[in-house]
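In: quick one: sequence plus predicted model below, questions after.
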Amino acid sequence: MSERKEAWLRIVVVIISGLILGIWKSLIQILALIHWVVVVVGGKRNKSLADFCEIWNTQLYTWVRYLTFVSNKRPFPFSGLTKNLSEFEKK
C-alpha cells in the first residue's frame, strides 16, 4: 500500500481505535478508584485489576505510536491485544 493510502487509512483506524480507547479509559478511571479503595481498606493490591489497567496502558502506547507514524502496528481492534510493553517490543 502506498504511503498516501496508508495515511488516509490511518485516519479511520485512529478514529475508531480512539473512540474505543476513550470509552475504555472511563472504565479504567473507575477501576483505578475502586483499586485504590481496595488497597487502602484491604492493604493489598489486586493483580487482576492491575493487569487489566496495564493492558489499557499498552494499547494507548500502541495507538500513539501508530498515530505519530512511529510504528505500522495497528492498535486494537485492528490487531490483537498486547498485554504489556515487553511483549510489544518483541514484535
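Out: Cool, the structure landed. Residues are numbered from 1 along each chain as shown.

In: count of neighbours near residue 71?
Out: Using other Cβ atoms under 10 Å, residue 71 has 16 neighbouring residues. C-beta here means a position set from N, CA and C on the backbone, and glycine is covered the same way.

In: also the one 4 residues further on?
Out: The criterion is other Cβ under 10 Å. On that basis, residue 75 has 26 neighbouring residues.

In: same deal with residue 58?
Out: Other residues near residue 58 come to 20 when the count uses other Cβ under 10 Å.

In: again with residue 6
Out: Residue 6 has 12 nearby residues by other Cβ under 10 Å.

In: excluding its backbone neighbours, what's nearest it?
Out: Excluding the flanking residues, the one nearest residue 6 by Cβ to Cβ, 6 or more residues apart in numbering is residue 72, at 7.8 Å.

In: touching, the one you found and residue 62? I think so.
Out: No: Residue 72 is beyond contact range of residue 62, at 11.0 Å (criterion: Cβ atoms under 8 Å).

In: of those two, which one has the most company?
Out: residue 62 (22 against 9).

In: which non-adjacent residue is nearest the more buried one?
Out: residue 75 is the one closest to residue 62 (Cβ to Cβ, 6+ apart), at 4.7 Å.

In: report the buried residues of the longest helix along the chain.
Out: When every helix of the chain is counted residue by residue (DSSP state H), the longest turns out to be helix 3-42. For helix 3-42, burial by neighbour count (16 or more other Cβ atoms under 10 Å) applies to 10, 13-14, 17, 21, 24, 28, 31, 35.

In: in this structure, which residue is closest to the centre?
Out: Against the mean C-alpha coordinate of the chain, by Cα atoms, centre = their mean, the closest residue is residue 59 at 2.0 Å.

In: quick one: the closest residue to residue 67 other than its chain neighbours from residue 81, how far?
Out: Distance criterion Cβ to Cβ, 6+ apart; nearest residue to residue 67, sequence neighbours excluded, is residue 14 at 5.2 Å. In this view, residue 14 and residue 81 are 17 Å apart by Cβ to Cβ, to the nearest Å.
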